[in-house]
Structures are given as C-alpha cells and as structure tokens.
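K.L.:
Dropping a prediction and its sequence here:
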Amino acid sequence: MPLKPALDLVRDARAKEYALGYFESWNLESLQGVLDAAEQTDSPIILGFNGDFMSHPDRRLPERLRCYAALGKAAASGAAVPCALIFNECPRDDWVREALLSGFNIVMPADPEASYEDYLDRVKALTRLAHQYGAAIEAELGKLPCGAGGDVQDDSSMTDPEVAGYFVRATGVDLLAVSVGNVHVMLQGERDLDLERLARIREQVSTPLVLHGGTGITAATLREAIRMGVVKVNYGTYLKQRYLKALGLTLGKSSLNPHELLGLGADLDLMVAGRIAVRDAVLERIDLLGCCGRAKI
C-alpha cells in the first residue's frame, strides 16, 4: 500500500492508547527486517532514516537522499501494514526541505546547538512548508543525555512544560519529542522515565508526544508513558548492536565463495543475517508499544 498519512497513524494510536514504533533503518536489510517484524505482528510502523547521520559533513561520500526516499516509499508500497516514512533528527534545514520534496511524509528538524529562538523560528517556517506538502513535522524540546561513550554523559536539559506549551502553539508542530529521563545511544542498561515531568508536559501540550532513546527505557515506565499520551517511540542503538553481532557470527563461519556471503540468500549470507537480526530485535520490543494487531486503521 502507499505511504499512509502520518497523522492518520498518530490519531489512531492516540485514540486507542498505543504507540507507533520507529525502528531506524540504515540500509535495505535493516529496512526489510523492520517490515518483516511489523508484518509478522500486524503492526502499523514508521520507517525511516537518520538525517543527522546522512547529512553530516564528515561523511566520506555524500548520500543521495532521494535514493533513500525512493527505497522507503517502495518498501511501503509492497507492505501488508500501514507505513509512514520519517527523515529523522536533521540539523540542516536544506536537507529537511529536500526530504519533503523527495516524499518523506514526516520530517524532524533537530539542532541541539541552536538557540531556542533560532530553533523556534526555523521550525515555524519548516512547519508551514511540511503542511504544504501534506507531511507531518516533529520537533524536539530539551536535550537528551548521551550514552555513546559507555557511560551516560548527563549534560541533558529536561523539557520545560510551560516552554513546551508555548513552543507548540507558536510553531504548529504535529509531534513533540521530549526529554524526561530518556537517553540517546544507551549502550547498556535501562532507566526509568520521569513520569511526573511527563504529566506536567501533558497538561501544557495537547500535541502528541514522542520519546527518543527507546533502547534504554524500562518497560514499566514506557507503558505508563504511552497511557499518558506518548504516541511514538524511537529505537536505533540496540538494532545496530544486534545487526553487527549477527554479521560477526556469520563471518566467523567462513566461506571462500563470495556469493555465499553476499547475494545467494542462504545461511551464510551477511545480508540475510542482518535482516533476521533486525527482525528479531524489533520483535523483542514491539509488543511493549501496544501496536500489535492494530494494522487495520
């Protein structure tokens, strides 16, 4: 089926008190693994790619954004479950605009280094543009701590409920990602969310809420957050951990035939191993969101 309007998915999730999973992809195998799990559980799903990574100036080779957009749209067109397609967490507004032109139906401008005033003005302009294209827009207030070094670097700033309320009214965004104890790139362990702060944000913000850093959120507080109005949860770190482990194990079995490792699709195929690893990793978490069996929207 073609891409489903993102806000249709969001409205259904909100009405039925479940959350949509955004399990981030980075290539064809990971994208297919996410879809395999969504179809196996009959779950609506958000597909997509990381705009910060793709647009980063230190990349050795420039990425062709329209190729990724075409890949995501083609995946959705053959899927048995409703899908939206997000260009996630991008600090470069020119790339966000290009994502809209390319057919992503959710975009997320995110620039932790920008001042609040600058970010508000940019998001307001991008929101107008996204709505012209019939796309949804997600913004972020507050800064998540990062666990990429192995230890969580607590340089975060929690989302201020009153500031969040004003920001949403001023920009007209469709989704708001919040910082309430969730952690980016949590390599090990889990943490509880600050549900009291989330409740205060909910009092000020009627817009559906999003949690990034899903890998490191405890199941109990995640379920409660969904009950309180979180409609989308982002996962990435643990998917790549499982993917890399699967590739290492498969390479360890060795083969002199390069076609067995790439392309034949049998037990030693690295692409198959990666796809299965992502599928199984998604299956471990997707039931927590309450979205299984909700594909008929």
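P.N.:
It's in. For clarity, every value in this text was computed on a predicted model and none was experimentally measured.
K.L.:
Please count neighbours and contacts with C-alpha atoms only from this point.
P.N.:
Fine.
K.L.:
The protein: strands as residue ranges?
P.N.:
Secondary structure of the chain (DSSP state E): strands at 20-23, 45-50, 83-90, 106-109, 136-141, 175-178, 209-211, 230-235.
K.L.:
Let me have those strands in a markdown table, extended by mean neighbour count, distance to Val96 and mean pLDDT.
P.N.:
Below are the strands of the chain laid out as a markdown table (neighbours: other Cα atoms under 10 Å; distance: least, Cα to Cα, whole Å; pLDDT from 0 to 100):
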| stretch | mean neighbour count | distance to Val96 | mean pLDDT |
| --- | --- | --- | --- |
| strand 20-23 | 27 | 18 | 98 |
| strand 45-50 | 26 | 11 | 98 |
| strand 83-90 | 26 | 7 | 98 |
| strand 106-109 | 27 | 7 | 98 |
| strand 136-141 | 26 | 10 | 97 |
| strand 175-178 | 24 | 16 | 97 |
| strand 209-211 | 26 | 19 | 97 |
| strand 230-235 | 25 | 19 | 97 |
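K.L.:
Can you give me the neighbour number for Pro145?
P.N.:
21 (other Cα atoms under 10 Å).
K.L.:
what about it, distance to Asp269?
P.N.:
Remark: distance between Pro145 and Asp269 (Cα to Cα, to the nearest Å) = 37 Å.
K.L.:
returning to that earlier point: any idea which of the strands of the chain gets closest to Ala6?
P.N.:
Closest of those to Ala6 is strand 83-90, at 5.4 Å (criterion: Cα to Cα).
K.L.:
contact partners of the closest one?
P.N.:
2-6, 9, 44-52, 55, 72-73, 76, 96, 99, 104-111 (Cα atoms under 8 Å, 6 or more residues apart in numbering).
K.L.:
CA-only coordinates of that strand in CSV, if you can.
P.N.:
Taking C-alpha atoms only, strand 83-90 is exported to CSV below (Å, rounded to 0.1, in the frame of the first residue of the first chain):
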residue,chain,number,x,y,z
CYS,A,83,3.6,2.7,7.0
ALA,A,84,4.8,6.3,7.3
LEU,A,85,8.3,7.4,6.4
ILE,A,86,10.4,9.8,8.5
PHE,A,87,13.5,11.8,7.9
ASN,A,88,14.7,11.9,11.5
GLU,A,89,16.7,14.3,13.5
CYS,A,90,18.3,16.6,10.9
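K.L.:
Report the angle between that strand and strand 136-141.
P.N.:
Between strand 83-90 and strand 136-141, the angle formed by their directions is 40 degrees, by axes from the mean of the first three to the mean of the last three Cα atoms, to 10 degrees.
K.L.:
what angle sits between strand 83-90 and strand 230-235?
P.N.:
Put simply, strand 83-90 runs at 70 degrees to strand 230-235, going by the same axes, to 10 degrees.
K.L.:
Listing partners with orientation, what would you give for strand 83-90?
P.N.:
Using DSSP bridges, the strands paired with strand 83-90 are strand 45-50 (parallel), strand 106-109 (parallel).
K.L.:
Can you pull out the residues in contact with the shortest one?
P.N.:
Going back to what we said before, that points to strand 106-109. Applying Cα under 8 Å, 6+ apart, the external contacts of strand 106-109 come out as 6, 84-93, 96, 99-100, 123, 130, 135-139.
K.L.:
and stretch 240-251, average pLDDT?
P.N.:
In this model, stretch 240-251 has a mean pLDDT of 96.
K.L.:
so Arg191 makes contact with Thr215?
P.N.:
No. Taking Cα atoms under 8 Å as the definition, Arg191 is not a contact partner of Thr215, at 9.7 Å.
K.L.:
Settle it for me: which of the two has more neighbours?
P.N.:
More crowded of Arg191 and Thr215, by other Cα under 10 Å: Thr215, with 24 against 15.
K.L.:
Skipping its backbone neighbours, what lies nearest the more buried one in space?
P.N.:
Of all residues not flanking Thr215 in the chain, Tyr235 sits nearest, at 5.6 Å (Cα to Cα, 6 or more residues apart in numbering).
K.L.:
I'd assumed Ile217 was in contact with that neighbour.
P.N.:
No. Taking contacts as Cα under 8 Å, Tyr235 lies outside contact range of Ile217: 10.2 Å.
K.L.:
which parts of stretch 272-290 are buried?
P.N.:
272-283, 286, 288-290 (16 or more other Cα atoms under 10 Å).
K.L.:
for stretch 190-200, same thing?
P.N.:
So, applying 16+ other Cα under 10 Å, buried residues of stretch 190-200: 193, 195, 197-198.
K.L.:
Quick one: residues in contact with that stretch.
P.N.:
So stretch 190-200 is contacted by 161, 180-182, 215-218, 221-222, 224-225, 228 (Cα under 8 Å, 6+ apart).
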